[in-house]
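Q: I'd like to go over a predicted model; first the sequence, then the structure.
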Amino acid sequence: MKKLGFLLILFLMVSFVSAQKIKGALSAGINISQVDGDEVYGYSKLGFNAGPSAILPIGKNFLVTVEVLFNQKGSYSKYAPNGDTLPPPYYDLRLTYLDAPVLFHYQDKQSFTIGTGFSYGRLVKFSETEHGKPVVWPNKNGPYSSNDINWIADVRFRVYGPLKFNVRYSYSLANLRTRTYLNGETRKQYNNFISARFIWVLGDTQPLKEKKKMK
């Protein structure tokens, strides 16, 4: 709980810096994810993402964005690759994080934005199923690290007025689990996911055409 409180305090601190310039935003969307190294392939796990953000303009075309996100990641395969007859799903992993991304963006004429950055995530809940049966672990997070640090690439397009569409790619910089399989192979696992979401920028109410006329 202390680390979750720290993330919220960090978000509030950034919101108070240059309060006259900062814009708030709300976002919601979906994730498609996989865990590299778990022998399940493809972006097959669907998840949800949502949360607030603070956007600080720096000069004319640059922005710093700080977010707090509820983020669901994981891995999924309904059937085993070797075609066994055990009950599905073959594997189903759900990892739920509270993430705090910090990104540096370049914005072109109020319509197109591209950026990169990093996020710190705290694992708040997880579940794991193999061959249709829940995997029970004695501790809260099982074999998974409580922390997840990701590199992020981010692209945003203005849809109309304050509404933007965002596509984001994220990849873990440190492994979240090390697993030894029945064949004796040991593999490190990493979150690998793509997000698609809508962002509503609070207080940004002018239509795109009007903004172009003002320039």
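A: That came in fine, so what should we check first?

Q: hey, where'd the helices end up in the protein?
A: 2-16, 208-214 (DSSP state H).

Q: would you single out the least confident of those?
A: Per-segment mean pLDDT for the helices of the chain reaches its minimum on helix 208-214, at a mean of 49.

Q: give the contact list for Asn192.
A: Asn192 makes contacts with 33-36, 43, 170-172, as judged by CB atoms under 8 Å, 6 or more residues apart in numbering. Placement of C-beta: from N, CA and C, glycine included.

Q: chain center to stretch 150-167, what's the gap?
A: 13 Å (CA atoms, centre = their mean, to the nearest Å).

Q: ok, and what's touching it?
A: So stretch 150-167 is contacted by 27, 29, 99, 101, 103, 105, 110-119, 121, 168-173, 191, 194-208 (CB under 8 Å, 6+ apart).

Q: against Asn141, how distant is Asp154?
A: Distance of Asp154 to Asn141, computed by CB to CB, to the nearest Å: 27 Å.

Q: which of the two has more neighbours?
A: Each of Asp154 and Asn141 has its neighbours counted (other CB atoms under 10 Å); Asp154 has more, 20 against 15.

Q: pairing partners for the residue positioned nearest the centre of the chain in the sheet, please.
A: When the chain is reduced to its mean C-alpha position, the closest residue under CA atoms, centre = their mean turns out to be Asn71, at 5.2 Å. Here Asn71 sits in beta bridges with Asn49, Tyr97, going by DSSP bridges.

Q: so it touches Arg94, yeah?
A: No - look at Asn71 against Arg94 with CB atoms under 8 Å: they stay out of range, at 11.5 Å.

Q: what do the two both touch?
A: Common neighbours of Asn71 and Arg94, using CB under 8 Å, 6+ apart, are Gly47.

Q: find me the pLDDT at the residue lying closest to Ala50 once chain neighbours are set aside, would you?
A: In space, and not counting its chain neighbours, Ala50 is closest to Ala28: 4.2 Å by CB to CB, 6 or more residues apart in numbering. Ala28 is assigned a predicted lDDT (pLDDT) of 99.

Q: doesn't Leu69 make contact with Ala28?
A: No - using CB under 8 Å, Ala28 is not in contact with Leu69, being 9.9 Å away.

Q: so between the two, which is more surrounded?
A: Ranked by neighbour count (other CB under 10 Å), Ala28 and Leu69 place Leu69 first, with 21 against 14.

Q: so who does the more buried one touch?
A: Counting by CB under 8 Å, 6+ apart, Leu69 touches 27, 49-51, 97-101, 119.
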